[in-house]
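Asks: below are the sequence and a predicted model; questions follow.
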Amino acid sequence: MKNIIKSVVAMVTVFIAFTSCNNASKSNSKSGALASNIAEKVYVAPGEYDEFYAFLSGGYSGNLTVYGLPSGRMFKEIPVFSQFPTSGYGYSEETKPMLNTSHGFIPWGDSHHPDISQTNGEIDGRFIFINENNTPRIAKIDLKTFETTEIIEVPNSAGNHSSSFVTENTEYVVAGTRFSVPIPQRDMPIKDYKGNFKGALSFISVAPETGDMAIKFQVLMPGFNYDLSHPGRGKSHGWFFFTTYNTEEANTLLEVNASQNDKDFIAAINWKKIEEYVNNGGGTMMPTDYAHNVYDEHTHTATSTMIKEVRVVNPSEVPGAVFFLPTPKSPHGCDVDPSGEYIVGNGKLSANLTVHSFTKMLAAIEGKKFAGEAYGIPILNFEDVLAGVVNQPGLGPLHTEFDDKGNAYTTFFISSEVVKWKLGTWEVIDRKPTYYSVGHLTIPGGNSRKPQGKYMFAMNKITKDRYLPTGPEMEHSAQLYDISGEKMELLLDFPTHGEPHYAAAMRADIIKENSQKIYNLADNKHPYAAKSDGDTKVVRDGSNVHIYMTTIRSHFSPDNIEGIKLGDKVYFHVTNLEQDFDVPHGFAVLGQNTSELLIMPGQTKTSVWEPTKVGVWPFYCTDFCSALHQEMQGYIRVSPANSDTPIKWSMGEDIE
Amino acid sequence: MKTAKKLFFLFACVSLFYACKNENQEASSENSVADTEVKEPADNKGQAFITDDQGTPNCLQIAISSPDHKTLVAAVQAAQVENALVNVGPLTVFAPTDAAFAALPAGTVENLLKPENKDVLANILKYHVTPGNLNTSILTKLPKLGQANNQYVDIEIVDGKPMIGGANILISIRAGNGIVHVIDKVLLPPPPTGESE
């Protein structure tokens, strides 16, 4: 036994020695010219700007975070699908409707794939779209204000994962279902999944001028799992590609049962053809129920409308519009190169990458060379559509992005690395480790005809020892690489917020120039706005009390309020009269059981307070607004329910 | 013990080989085999090198701590696939015993451990890994497994127990990142259909 222990110890020692040798050059390189060169590459001097914006999804935080590259600094967290006490989003009366769904008010979400709007195949920086996976929704964020301005629920969907990718003129933002479900939803045995459940692929039109979203049609596909998607571009514009797994149609222990087929499919959808069919009255209006929430930046208020029907199309109605491309082993990522020719399917249980050719696909369709069909949808021959295979580049391929020089970059989850390979020759050019278990990666300008190159960042699922430990839960790590040379160079580690599932990034110039500084007070059409101190008032309406309040450095008006009774519902409608960039005011009252408010210059926001105790309660500004911020306070008197204290208010003088 | 010594020697050579590859490596590393005080470098090198005595051991740690898997561990290190075994996975690792390796034709292991055969060795080792957390009862329900080297291994049910590519499962150990099935035979992949990297 002793010998064995000794030998184990010796082995471990050798092991450590071995690994230390192997990595010594790396640690040694920390000092010296090379290291300082890397530091310079990510250093953005105080007061200087980053070259790129990066928008990282917050995963289960439901939000979107804004970073600068190459510095890796976080600038903002934009609330999208989740209540956000920092600004009162989802708590204020104006923003609560944004989180309305057919399942009622849902205060959180699981945000996954941001994608920036495009014009002529190039990202234009107008809007960014992001999907909510859990209670299927698609949100639009206006990059002028960095505010969520529209959320549309996706009916007939479940696990809204192959979303929210935009076509090259932002004709559509597309949302595919990961989980197939009964359509329409009904009470039925789970074991009858196979053949009965369906997967809805939703095409949400985006109005060119306003960006307004509407579900144009849903394609009802067989009950597979539609995992990820990307639009065709250039020559393949008009098509959309979705990876599928669980073509076995298993409904239990999918980790085993959905991995039995050697090949699943990439579904190729000719959306232009279906659009034409729909424009000519094709498809069926199906009764359903979904919320469409729109934020009006003039009333500073969101409205939620329930829509009762959706247009659905069965693939069999439009022959020649839907095909299956066999793709090995549960393909996850579905990525289309900038030219639109290559469709990369990353079989996450395969060690190889499969690349399909759009040209070959068209030829096979033209020649009607089918290997069979699934639920009436023609299956093409694998060999007929295959452009090439990247052989064993790593373990667990997930996602691929492209640079502007004909190279592709694929993440490998199990072997924790990014592999650079060449389109057309399929040769591996370089590989770099990630720390650890990388999911998505992003290259600025990705998902467009013109990637902007220069940097790539990998978003990892596992952090472990990358930063000072913070207990069992760590923020996920991201790594920034310089991809301007032949070999990738690791520049920077930076922590992210929530789960940085995927990200969109682009050069900063367009967004920077368009970024709005204030809301014009004169344009404020909020029904409870007080546009000057003279407009302020307190109005009782039964047990509801509406306080028309203003803020300006450094006081509230009114700041003394009496006549509130226990049982009242008090609406603080706070208008920020400031017209000065970056001077928001906050509002909080003791015992406020929603959230504070953060009110931008020119905005009106409303917080409801239902006092539970008799007394005189202070309210104050939560945002350090000015030198006299601490003086920015007031009192509100709450009397017993049966008292006859009259409604009165004042500012600058006592209530008599 | 002789074989183990031989292995250590081989391994030390491998270490040196890699040390030579790194220009910055100082000659002193050749002492490291005997030096029990060697510290991990300050830099991070991957999950295989994180100290964690709180969690359930992962597949690699189980193999390292096993008295019956010295050859396997040496092979894993020679092929530099450590980080693939400590990943969050989940992984099912089929771990042939030393006796299983010893049953291979004489000289096979020594030959595979040579640096120039690193890819061949890595391919064999990856043929012992399945993505997924598959316990014995699940294995009895599957006809074949898709392995990490992109090839399949067949499962046969003999006396109600799964045989993996002709190997018996001797014992199964739950790992922090999956499961290790100790097997009595080395799985040799069929001739590859595609080109190896």
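Replies: Structure received.

Asks: how close does residue A:211 get to residue A:128?
Replies: Residue A:211 sits 11 Å away from residue A:128, going by CB to CB, to the nearest Å. C-beta here means a position set from N, CA and C on the backbone, and glycine is covered the same way.

Asks: ugh, typo on my part, it should be residue A:595
Replies: 24 Å.

Asks: what about those two, which has more around it?
Replies: Counted by other CB atoms under 10 Å in any protein chain shown, residue A:595 and residue A:128 do not tie: residue A:128 has more neighbours, with 28 against 18.

Asks: which residues touch the residue in the stretch 351-500 of chain A positioned nearest to chain B?
Replies: In the stretch 351-500 of chain A, no residue comes nearer to chain B than residue A:351, which is 3.7 Å away by CB to the nearest CB. The contact partners of residue A:351, taken as CB atoms under 8 Å, 6 or more residues apart in numbering or on different chains, are A:392, A:393, A:394, A:395, A:397, B:126, B:148, B:149, B:150.

Asks: buried ones among those?
Replies: Neighbour-count burial (16 or more other CB atoms under 10 Å in any protein chain shown) applied to the contacts of residue A:351 gives A:392, A:393, A:394, A:395, A:397, B:126, B:148, B:149, B:150.

Asks: return the residues in contact with the closest residue to residue A:318 other than its chain neighbours.
Replies: Leaving aside its sequence neighbours, residue A:318 sits nearest to residue A:277 (CB to CB, 6 or more residues apart in numbering or on different chains; 4.9 Å). Contact partners of residue A:277, counting by CB under 8 Å, 6+ apart, are A:283, A:313, A:317, A:318, A:321.

Asks: secondary structure class of residue A:277, three-state.
Replies: On the three-state scheme (DSSP: H, G, I helix; E, B strand; the rest coil), residue A:277 is labelled helix.

Asks: state the distance from it to residue A:283.
Replies: 7 Å.

Asks: any common contacting residues for these two?
Replies: Common neighbours of residue A:277 and residue A:283, using CB under 8 Å, 6+ apart, are A:313, A:317.

Asks: give me the most central residue, chain B.
Replies: For chain B, the residue nearest the mean C-alpha position is residue B:76 (3.9 Å; CA atoms, centre = their mean).

Asks: CA atoms of the longest strand along chain B as PDB?
Replies: Longest strand in chain B by number of residues (criterion: DSSP state E): strand B:167-175. What follows is strand B:167-175, C-alpha atoms only, in PDB (Å, rounded to 0.1, in the frame of the first residue of the first chain):
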ATOM      1  CA  ALA B 167     -15.200  -4.700 -22.000                       C
ATOM      2  CA  ASN B 168     -16.900  -5.500 -18.700                       C
ATOM      3  CA  ILE B 169     -17.700  -2.700 -16.300                       C
ATOM      4  CA  LEU B 170     -15.900  -3.700 -13.000                       C
ATOM      5  CA  ILE B 171     -17.100  -0.800 -10.900                       C
ATOM      6  CA  SER B 172     -18.700   2.600 -11.500                       C
ATOM      7  CA  ILE B 173     -17.800   5.800  -9.600                       C
ATOM      8  CA  ARG B 174     -19.800   8.900  -9.600                       C
ATOM      9  CA  ALA B 175     -17.600  11.900 -10.400                       C
END
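
Asks: what packs against that strand?
Replies: helix B:59-65, strand B:91-96, helix B:136-139, strand B:161-164, strand B:178-183 (3 or more CB pairs under 8 Å, 6 or more residues apart in numbering or on different chains; DSSP states H and E).

Asks: output the contacting helices and strands for the fourth one.
Replies: So that's strand B:161-164. Packing partners of strand B:161-164 (3+ CB pairs under 8 Å, 6+ apart): helix B:136-139, strand B:152-158, strand B:167-175.

Asks: which other helices and strands contact the first one?
Replies: Translated: helix B:136-139. When contacts are defined as 3+ CB pairs under 8 Å, 6+ apart, helix B:136-139 sits against strand B:161-164, strand B:167-175.

Asks: stretch A:593-612 spans what distance, first to last residue?
Replies: 10 Å (CA to CA, to the nearest Å).

Asks: list the buried residues of that stretch.
Replies: Residues A:594-609, A:611 are the ones in stretch A:593-612 that count as buried (16+ other CB under 10 Å).

Asks: same check on stretch A:226-241?
Replies: Buried residues in stretch A:226-241 (16+ other CB under 10 Å): A:226-233, A:236-241.

Asks: spell out whether it and chain B are in contact.
Replies: No. Using CB under 8 Å from any CB of the partner chain, stretch A:226-241 stays clear of chain B, coming no nearer than 15.7 Å.

Asks: residues from the stretch 301-450 of chain A in reach of chain B?
Replies: Residues of the stretch 301-450 of chain A lying near chain B (CB under 8 Å from any CB): A:329, A:348-352, A:389, A:391-393, A:395-396, A:413-416, A:428, A:433, A:435-437.

Asks: residue A:37: which element?
Replies: helix A:33-42 (DSSP states H and E).

Asks: average pLDDT across the helix or strand that comes right after that helix?
Replies: Using DSSP H and E, the helix or strand that follows helix A:33-42 in sequence is strand A:52-57. Averaging pLDDT along strand A:52-57 gives 98.

Asks: also stretch B:55-72?
Replies: Per-residue scores along stretch B:55-72 average to 90.

Asks: same deal with stretch A:391-409?
Replies: On average, stretch A:391-409 scores 93.

Asks: can you pull the buried residues of it?
Replies: For stretch A:391-409, using 16+ other CB under 10 Å, the buried residues are A:391-403, A:407-409.

Asks: so which of these are in helices?
Replies: Using DSSP state H, no member of the buried residues of stretch A:391-409 falls within helices.

Asks: among the residues you listed, which two are most distant?
Replies: Pairwise distances among these were taken by CB to CB; the largest, 23.2 Å, belongs to A:395 and A:403.
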